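Trainee: This is the structure alone, sequence omitted:
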């Protein structure tokens, strides 16, 4: 959605025309949202720095041992482990 709005704005569409286009598609978007997306100039929000994308080897080994240590742990869902 962000990328589409930025692209339409870059080719010269007005915010009103962009809003009308999305309304025809069934997507309600507020004028302030369009203004924010066009002024930010980023198709996606910035990535948070608080958590890393991957585990280090030590953490991976610890999780592996925990999951394999019992049948109960082996059946835990991903959201529970996260």
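Mentor: Now that the structure is in, tell me what you want to look at. Treat the numbers as computed from the prediction; the structure is a model and nothing was measured.
Trainee: what about residue 37, neighbour count?
Mentor: Applying other Cβ atoms under 10 Å, we find 21 residues neighbouring residue 37. Using the backbone N, CA and C atoms, a C-beta is placed for each residue, glycine as well.
Trainee: For the helix or strand where it lies, list every residue counted as buried.
Mentor: For residue 37, the host element (DSSP states H and E) is helix 31-40. Residues of helix 31-40 classed as buried by neighbour count (16 or more other Cβ atoms under 10 Å): 33, 34, 37, 38.
Trainee: separation between the third one and residue 2?
Mentor: It refers to residue 37. Counting by Cβ to Cβ, to the nearest Å, the gap from residue 37 to residue 2 is 5 Å.
Trainee: I'd like the next helix or strand past the stretch of helix or strand residue 66 belongs to.
Mentor: Using DSSP H and E, residue 66 sits within helix 57-68. Per DSSP H and E, the first helix or strand lying C-terminal to helix 57-68 is helix 71-74.
Trainee: Other residues contacting that next one?
Mentor: 66, 67, 68 (Cβ atoms under 8 Å, 6 or more residues apart in numbering).
Trainee: Run the chain-centre distance for that helix.
Mentor: Distance, stretch centre to chain centre, for helix 71-74: 31 Å (Cα atoms, centre = their mean, to the nearest Å).
Trainee: do stretch 44-60 as well
Mentor: That offset, for stretch 44-60, works out to 14 Å (Cα atoms, centre = their mean).
Trainee: cool, stretch 30-42 as well?
Mentor: Distance, centroid of stretch 30-42 to centroid of chain: 17 Å (Cα atoms, centre = their mean).
Trainee: what do you get for stretch 1-9?
Mentor: With Cα atoms, centre = their mean, you get 16 Å for stretch 1-9.
Trainee: What are the buried residues along that stretch?
Mentor: Buried residues in stretch 1-9, counted by 16+ other Cβ under 10 Å: 5, 6, 8, 9.
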